[in-house]
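A.B. asks: no sequence on this one, just coordinates:
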């Protein structure tokens, strides 16, 4: 038995294209190899691309040339028998468009080809076969999204070992367009749901001008409608950001509100989670401090949910569904302030009207400005932070609702003494939902990824400045 080789990988001149050397275990009978080992590949930097179909290409003649095809999925290719000359061309939109990389491959070699990179090969021996895993199922409909490049393109100039006039080619591969006529493959899209809410509007600003990000309000995508899901070609997406929610905390305690809260915050989220699993999507879901009862002074991500009311219960159920998705981010936030109706706007209006409001002084937390939550979401996705749950609010000392109201009055030029502090018990009325005593979220995990939320007092001053006529 020959000594076992170590599994090795190396990068190439095309971003995302990776070559692997697979250990062959041989004796006088032949050889054996682990053609695919998910964990070992992940350890070497391969994306967890989730293959769903295995194909084999057999080529009887030496000089058989296939390509250059860029399919709308990722591939992991290895040689089963024989030897090939492989050529890969980046056909994705971007500065690398047209970049070529070549390498010879035998049974000990494999290559990971990301979506949009054209794959081609020429057999150097007769009876050559290779096998490839793909992370989407072939269909005639999917073939419409292929990008093709002529194997004889002079600009790319693949150095084929066997001249193409002596090679075996299909009529189709001879007729593909030249590089100057190729339409680059567009990146997969990000779908933002709930795009008309406070956070949704902030996400619109965060991703303004980016063609690969699509925004959908309820009129564009109804989370509770099966038809909305069936109408989407999910192969075109890589990420869903769910900023949609039923947020009527008190309304959720009524019969109609209870049904709506569970339909939007739990049942619809479970359907989103199932969609993400089926199509290997990243799901970003925005949750709430209301999943906790507030008995702890500060809430880390791994604290068990203990929701008090219907709203918090429905949000906790949504979190449980999202956590089943292999690629997920649960972004848990509190006391959101953005473009739209919110506590800060209400207090600013009361300050301007000369009203002296009574405000609860025994519930504690930090404001979460929508612009910072949106930036945190983008940070997690763009930096490919470890999947899981992240608390996101603005930083700084905790404050009570009454304390925030006093700050708003002061910054608006009104006397903060006009804010009258009251207890939760005194403020509550029949039908009022229970609230967490403490909504302070531990921010150490999001900070460990390199994102440090701005102090809440700084953002509050900026926000109120922006409200001035």
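C.D. replies: Thanks, I have it. Please read these numbers as outputs of a predicted model, since none were measured by experiment.
A.B. asks: contacts and neighbour counts: CA atoms only from here.
C.D. replies: Will do.
A.B. asks: next, the buried residues of the lowest-mean-pLDDT helix or strand in the chain.
C.D. replies: In the chain, the helix or strand scored least confidently by mean pLDDT, DSSP states H and E is helix 140-143, which has a mean of 78. By 16 or more other C-alpha atoms under 10 Å, helix 140-143 has no buried positions at all.
A.B. asks: now what about it, what contacts it?
C.D. replies: 71, 72 (C-alpha atoms under 8 Å, 6 or more residues apart in numbering).
A.B. asks: can you check stretch 225-234 too?
C.D. replies: Stretch 225-234 is contacted by residues 221, 222, 223, 279 when judged by C-alpha under 8 Å, 6+ apart.
A.B. asks: give the contact list for the third one.
C.D. replies: Taking C-alpha under 8 Å, 6+ apart as the criterion, residue 223 is in contact with 229, 264, 268, 269.
A.B. asks: give me that answer again for 7 Å
C.D. replies: 264, 268 (C-alpha atoms under 7 Å, 6 or more residues apart in numbering).
A.B. asks: kindly report the same for the first one.
C.D. replies: Neighbouring residues of residue 221 by C-alpha under 7 Å, 6+ apart: residue 228.
A.B. asks: which residues does residue 369 contact?
C.D. replies: 336, 337, 338, 394 are the contacts of residue 369 under C-alpha under 7 Å, 6+ apart.
A.B. asks: which of those sits closest to residue 113?
C.D. replies: If you rank the contacts of residue 369 by distance to residue 113 using C-alpha to C-alpha, residue 394 comes first, at 40.3 Å.
A.B. asks: ok, that closest one touching residue 457?
C.D. replies: No - at 8.8 Å, residue 394 does not count as touching residue 457 under the criterion of C-alpha atoms under 7 Å.
A.B. asks: mind checking which of those two has more residues around it?
C.D. replies: Here residue 394 and residue 457 are compared on neighbour count by other C-alpha atoms under 10 Å; more neighbours surround residue 394, at 28 against 18.
A.B. asks: got phi/psi on that one?
C.D. replies: Dihedral pair for residue 394: phi -80, psi 160, per degrees, to the nearest 10.
A.B. asks: ditto for residue 37
C.D. replies: phi -140, psi 100.
A.B. asks: cool, and residue 341?
C.D. replies: Dihedral angles of residue 341 (phi, psi; degrees, to the nearest 10) stand at phi -70, psi 130.
A.B. asks: ok, it to residue 241 distance?
C.D. replies: 22 Å (C-alpha to C-alpha, to the nearest Å).
A.B. asks: more neighbours, those two?
C.D. replies: Neighbour count, other C-alpha under 10 Å: between residue 341 and residue 241, residue 241 has more, with 24 against 11.
A.B. asks: bridging residues for that one?
C.D. replies: For residue 241, the beta-bridge partners are residue 192, residue 284 (DSSP bridges).
A.B. asks: correct me if wrong: it contacts residue 286.
C.D. replies: No - if you go by C-alpha under 7 Å, residue 241 and residue 286 don't touch, sitting 8.1 Å apart.
A.B. asks: circling back to that earlier point, next SSE downstream of the least confident helix or strand of the chain?
C.D. replies: strand 147-148 (DSSP states H and E).
A.B. asks: just checking: what are the partner strands of that following strand?
C.D. replies: Strand 147-148 has the following strand partners under DSSP bridges: strand 65-70 (antiparallel).
A.B. asks: state the next helix or strand along the chain beyond the partner strand.
C.D. replies: Downstream of strand 65-70 (by DSSP H and E), the next one is strand 75-81.
A.B. asks: which strands and helices sit next to that next one?
C.D. replies: strand 109-113, strand 128-134 (3 or more C-alpha pairs under 7 Å, 6 or more residues apart in numbering; DSSP states H and E).
A.B. asks: tell me which of those sits nearest to residue 462.
C.D. replies: Checking the helices and strands packed on strand 75-81 against residue 462 by C-alpha to C-alpha gives strand 109-113 as the closest, at 46.4 Å.
A.B. asks: can you tell me the strand partners of that closest one and which way each runs?
C.D. replies: strand 18-21 (antiparallel), strand 75-81 (antiparallel).
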